[in-house]
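1. Fold the following and give me the result.
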Amino acid sequence: MTSPMPVRRAGTLRLRPIASGLTLLVALTACTSDPSDGSGSGPSASRSATATAGAADGGGGRTAYAVPESCAALAVDAGSTLPGPALATCWRDALAAHGSVRAWTSGPPEMEAEVQLSPTDRLRTAASDGRVVVVADGSAFSLVDGRWVPGVLNSEDEEQALAAATGEFATVAFSPQGMTQGVGECPSWRVGAEREQVTLRDGAEQTGLVRLECTARFDLSGATTTTATVWVREDWTPVRHTATLSISGVMTQTVREFADHGTTFGIPTPG
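-> Predicted structure coming up:
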């Protein structure tokens, strides 16, 4: 199994991002889906926690966006077929060009993150149980009862260990590689005949989106993706990615959504 390589430093878990996160996602399910832990669930819990975490340091303006060259070279004509690796490069470059994004994954665990890609990579996440974690300068911190607990790998302290595990998952899921995963692995994508309207989990509607369907099954980190669909704006801004996976004979659907592109979130390193 491929996973981030943890390095102890100054009492915190140091994280090195990786490209493959699906296997870790499956492994973490056993740690996060115990119904006896009293945690909440659903989109409302995730959005509320993230909004609360961001209230203190504001956020603000938006980064100007220019369509990357890797995207400008692609055609959006109905019925056109695009190579998966080319679309993945565009997808990644478009996120980088915006500089930041609010990303959400259905998990498990369900998690939303404010992801700052420039000038330095850092993110603040909220899981469906309300847990808030910041990964800044490679270190993970969890907000517990108003105080920041550093993530420490294999710590006997439950909060430190959970902060480390959550930070590890977030680093995988919301790195540029993680947010792109499942796009380049598809051999080719076919552009839909019409522009579409999509309602995101928070009720916001996105109109005029380009829909692309994966044309074949493909394997990814021990799972088989049987169907996959992505939606982008006319300027190639990523909006939504859904996939149906078969893992050890069990079918599951994953959803990723992207909003608030280019927003300056202002994520400080916890003191």
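2. What does Met179 show for phi and psi?
-> The phi and psi torsions at Met179 (degrees, to the nearest 10) take the values phi -70, psi -20.
3. Distance check, it against Gln197.
-> For Met179, the distance to Gln197 equals 23 Å [CB to CB, to the nearest Å]. In short, each C-beta sits where N, CA and C put it, glycine included.
4. do the same with Ala127
-> Between Ala127 and Gln197 the computed distance is 29 Å (CB to CB).
5. More neighbours: these two, which one.
-> For Ala127 versus Gln197, neighbours defined as other CB atoms under 10 Å are more numerous around Ala127 (26 against 10).
6. From what I see, the more buried one and Pro108 are in contact.
-> No: between Ala127 and Pro108 there is no contact under CB atoms under 8 Å: 9.6 Å.
7. Taking the centroid of this protein, which residue is nearest it?
-> For the chain, the residue lying nearest the average C-alpha position, counting by CA atoms, centre = their mean, turns out to be Phe174 (3.7 Å).
8. Next up, the contacts around that one.
-> Residues in contact with Phe174 (CB atoms under 8 Å, 6 or more residues apart in numbering) are 103, 105, 113, 115, 123, 125.
9. Look at it and report its pLDDT.
-> According to the prediction, Phe174 has pLDDT 93.
10. List phi and psi for it.
-> phi -110, psi 10.
11. tell me the secondary structure for Gln160?
-> helix (DSSP: H, G, I helix; E, B strand; the rest coil).
12. Give the closest residue to it in space, chain neighbours not counted.
-> What sits nearest to Gln160 in space, not counting adjacent residues and going by CB to CB, 6 or more residues apart in numbering, is Val152, at 4.2 Å.
13. ok, now Arg92?
-> Arg92's closest residue in space is Thr180 (CB to CB, 6+ apart), at 4.5 Å.
14. Check the contact between the one you found and Pro85; I expect there is one.
-> No: using CB under 8 Å, Thr180 makes no contact with Pro85, being 10.5 Å away.
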